[in-house]
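**Student:** pasting the sequence and the predicted model now:
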Amino acid sequence: MPRRLPVATYIEGIRAGDRAVLSRAITVVESTLESDRSLTVEILNGLPRWTASSFRLGITGVPGVGKSTFIDRFGMHVLERGHRVAVLAVDPSSSLTRGSILGDKTRMEDLVRAPEAFVRPSPARGSLGGVTRSTREAILLCEAAGYDFIVVETVGVGQSEIAVHSMVDFFLLLMLAGAGDELQGIKKGIMEMADGIAINKADGDNQIRAREARTEYQKALHLFPPSKSGWQAQVVTCSGLKGEGIPELYAMLMDYRERMRGNEWGASKRQRQALQWMHETVRSSIEARFYADTRVKAELPAMEARVVAGEIAPTLAANDLIRLYLQREKKD
C-alpha cells in the first residue's frame, strides 16, 4: 500500500494551496482501497463545502479537435483575468489506450508551468462510475485549494459526456469546421446538453468554413426546446493555436454566469447535482458491498454459468443473489 500522509497534513496543505499535497489527495480519492475511502471522507469533512464563487466548465470534443491546445490557450487567458485554474481530465478509455490524456498534459505546456494553475489527468481504469465519483471529489479539493475556475475535460466517448455534464455549471462542445458533414455525426443528446459550441481551428484558410459551420450549428440549436434556465446556447469560432476568439468565448461564459446568478438557476443546479451525487454514491457503495460479500463471491461464478447456459433467467439469478446478500445482512 502506498504511503499516506496524516489527515491533518492533507487538510492543511490543501488549504494552503500546496499543489503537491493536492495531487496526493486526489490520488487518495481515486483509490478503490477501503482504507482510502475512509481517508477521503476525513479529508473532505475537514475542508470547506463547495462555494458558488467557483465556476465549473465541462469541455468535450472528438479526438483531433484540438482540446489540449485550446485548453492551454484558454486557461492562460483565464489566468490573466485573475482566476486560479484547475484542469481535471476524465478519460474512461485510458485503461486501454494507456495514456492519451497523460500525453495531453505535456501539450498544455504554458498551463502546466503556470504557478496559479493545476493540471491533473484522471484515468478511469475502466470504470466510468468510479471516475465520476473521484472527479467530483477532486473538484471539491481543487476549490478548497483556492482554484476558482475548474475545467473538466472528457475525451468524448459516449457516457463520459453525461457524467461530466452532471458536475459542471457550463458544458462546452468543441467542434471543427465542416458544418453539414459533421452535423450528421453529432449525437442529438450531446447537442441538447451543450450550453455552448466552440468551433476550433478557425484560422488561416479554415476561417470561411468555420463561419459557415457556426451558422449551421446555430440553426441546429434553435431546433431544440428552450432551456429551463432561460439560456439560449450560443456558437462561437476560435483558434486554440492563434488565440483568436478566446476573449469572446470567455465573455460568453461570464455572461452565462451572471445570468444564472440573476435568476438563481446556477445555485439550484448545484443543489440538484449535489443530490444526484448523493444518490449515485449510495448506489455505488451498495453495489461495492454486494460484490465484496463472501457468499455472493462464492455463488457468483456458478450463477453466471447458469445464466450463460440458459438454465435460469438473468432477472431470477439477480434476485437469488440479492436474496442471498440480504440474508447475510440481516444476520450481521
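**Tutor:** That came through, no problem. Residues are numbered from 1 along each chain as shown.
**Student:** so how far is Ile26 from Gln271?
**Tutor:** 24 Å (C-beta to C-beta, to the nearest Å). The way it works is simple: take the backbone N, C-alpha and C, and place the C-beta from them, glycine included.
**Student:** gap between Glu304 and Gly230?
**Tutor:** With distances taken as C-beta to C-beta, Glu304 is found 50 Å from Gly230.
**Student:** next one: Phe171
**Tutor:** As judged by C-beta to C-beta, Phe171 and Gly230 stand 16 Å apart.
**Student:** can you show me the helices along the stretch 201-332 of the chain?
**Tutor:** In the stretch 201-332 of the chain, the segments counted as helices under DSSP state H, counting those that start in this stretch are 207-221, 246-263, 265-292, 294-308, 314-331.
**Student:** in the second one, what counts as buried?
**Tutor:** With burial defined by 16 or more other C-beta atoms under 10 Å, the residues of helix 246-263 counted as buried are 246, 249-250, 252-253, 256, 260.
**Student:** deepest of the helices of the stretch 201-332 of the chain, which one?
**Tutor:** helix 207-221 (a mean of 17; mean count of other C-beta atoms under 10 Å).
**Student:** who's in contact with the closest residue to Asp169 other than its chain neighbours?
**Tutor:** Closest residue to Asp169 apart from its sequence neighbours, by C-beta to C-beta, 6 or more residues apart in numbering: Arg56 at 4.7 Å. With contact set as C-beta atoms under 8 Å, 6 or more residues apart in numbering, Arg56 has these partners: 139, 150, 152, 167-170.
**Student:** about what we covered before: and the helices of the stretch 201-332 of the chain as CSV, adding mean pLDDT and distance to Val119?
**Tutor:** CSV is the format used below for the helices of the stretch 201-332 of the chain (pLDDT from 0 to 100; distance: least, C-beta to C-beta, whole Å):
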stretch, mean pLDDT, distance to Val119
helix 207-221, 86, 27
helix 246-263, 93, 18
helix 265-292, 89, 23
helix 294-308, 95, 39
helix 314-331, 88, 41
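**Student:** figure out which of these is closest to Gly64.
**Tutor:** Nearest of the helices of the stretch 201-332 of the chain to Gly64, taken as C-beta to C-beta: helix 207-221 at 15.4 Å.
**Student:** what helix or strand is Leu140 on?
**Tutor:** Assigned by DSSP states H and E, Leu140 belongs to helix 128-144.
**Student:** from the middle of its chain, how far away would that helix be?
**Tutor:** Centroid separation between helix 128-144 and its chain, computed with C-alpha atoms, centre = their mean, to the nearest Å, is 8 Å.
**Student:** stretch 205-219 now?
**Tutor:** Using C-alpha atoms, centre = their mean, the offset of stretch 205-219 from its chain centre is 28 Å.
**Student:** C-alpha coordinates for that stretch, CSV please?
**Tutor:** Only the C-alpha atoms of stretch 205-219 are listed here, as CSV (Å, rounded to 0.1, in the frame of the first residue of the first chain):
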residue,chain,number,x,y,z
ASP,A,205,-7.8,29.1,-44.8
ASN,A,206,-10.3,27.5,-42.5
GLN,A,207,-11.9,30.7,-41.3
ILE,A,208,-14.6,30.8,-44.0
ARG,A,209,-15.6,27.2,-43.3
ALA,A,210,-15.6,27.9,-39.6
ARG,A,211,-18.1,30.9,-40.1
GLU,A,212,-20.3,28.7,-42.3
ALA,A,213,-20.2,26.0,-39.6
ARG,A,214,-21.2,28.5,-37.0
THR,A,215,-24.3,29.4,-38.9
GLU,A,216,-25.2,25.7,-39.4
TYR,A,217,-24.8,24.8,-35.7
GLN,A,218,-26.7,27.9,-34.6
LYS,A,219,-29.6,26.8,-36.8
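**Student:** now Asp293: how far from Tyr325?
**Tutor:** Asp293 is 5 Å from Tyr325, by C-beta to C-beta.
**Student:** please disregard the earlier target; I meant Gln271.
**Tutor:** Taken as C-beta to C-beta, the span from Gln271 to Tyr325 is 33 Å.
**Student:** for Arg306, see how far away Leu172 is.
**Tutor:** Distance from Leu172 to Arg306, by C-beta to C-beta: 47 Å.
**Student:** could you do Val235 as well?
**Tutor:** Note on Val235: its distance to Arg306, by C-beta to C-beta, is 53 Å.
**Student:** narrow the contacts of Arg56 to those in strands?
**Tutor:** 150, 152, 170 (DSSP state E).
**Student:** and the closest residue in space to the last one that isn't next to it in sequence, how many neighbours?
**Tutor:** Same thing as Phe170. Counting by C-beta to C-beta, 6+ apart, Asp195 is the residue found nearest to Phe170 once chain neighbours are left out, at 4.8 Å. By the criterion of other C-beta atoms under 10 Å, Asp195 has 23 neighbours.
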